[in-house]
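**Student:** Kindly generate the corresponding structure for this input.
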Amino acid sequence: MRGEAELILGARYDETFGAQVLVGFGGIMVEVLHDIQVASAPLGPEQAHAMLRRLSIWPVLAGVRGRPPLDVDAVTDALTRPSWLAHDLGPRLCGLEINPLIVRVAGRGAVVVDGRGTIGTDLRP
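**Tutor:** The predicted structure follows:
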């Protein structure tokens, strides 16, 4: 799968903080660079976009040194949707991880290469 950048997206429910989402530099680089942002769910598009702008990889997403900008709108959508899933599932969500999300040039979207989700049976409201 070809793309210009790899990101990680995640969501989980925390007993103290509630539904949480994560975005960061993905693939193997998440373990090396620890370039991540975490926020409470659910997110609107503006909040998701702001999370992306706080990443160290943002210049790559925005287009740096003559490289084309990447499909930040697709990434924003890909982050917003799991945030609502995390919010709606609440404590039933044990975890959700997408790694990597391959980000293509603006207008070409993003592709999930690998993902995993775990839902429990906790029925608390």
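
**Student:** Can you name the helix or strand that the spatially most central residue of the chain falls in?
**Tutor:** Geometric centre of the chain, nearest residue: Leu9, 2.8 Å, by Cα atoms, centre = their mean. Take DSSP states H and E as the rule and Leu9 turns out to sit in strand 5-14.

**Student:** what's the burial count for Leu61?
**Tutor:** 20 (other Cβ atoms under 10 Å). Placement of C-beta: from N, CA and C, glycine included.

**Student:** which outside residues touch the helix or strand bottoming out on mean pLDDT in the chain?
**Tutor:** Among the helical and strand segments of the chain, the one scoring lowest on mean pLDDT, DSSP states H and E is helix 29-33, with a mean of 78. For helix 29-33, the external contacting residues (Cβ atoms under 8 Å, 6 or more residues apart in numbering) are 6, 8, 24-25, 35-36, 56, 99.

**Student:** Can I get stretch 71-85 in PDB? Just the C-alpha atoms.
**Tutor:** What follows is stretch 71-85, C-alpha atoms only, in PDB (Å, rounded to 0.1, in the frame of the first residue of the first chain):
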ATOM      1  CA  ASP A  71      -5.500  14.300   2.700                       C
ATOM      2  CA  VAL A  72      -6.000  15.900   6.200                       C
ATOM      3  CA  ASP A  73      -9.800  15.900   5.600                       C
ATOM      4  CA  ALA A  74      -9.800  12.100   5.300                       C
ATOM      5  CA  VAL A  75      -7.700  11.800   8.400                       C
ATOM      6  CA  THR A  76      -9.900  14.200  10.300                       C
ATOM      7  CA  ASP A  77     -13.000  12.100   9.300                       C
ATOM      8  CA  ALA A  78     -11.100   8.900  10.200                       C
ATOM      9  CA  LEU A  79     -10.400  10.300  13.700                       C
ATOM     10  CA  THR A  80     -13.800  11.800  14.300                       C
ATOM     11  CA  ARG A  81     -15.800   8.700  13.600                       C
ATOM     12  CA  PRO A  82     -14.100   6.400  16.100                       C
ATOM     13  CA  SER A  83     -14.400   9.200  18.700                       C
ATOM     14  CA  TRP A  84     -18.100   9.000  18.400                       C
ATOM     15  CA  LEU A  85     -18.000   5.200  18.500                       C
END
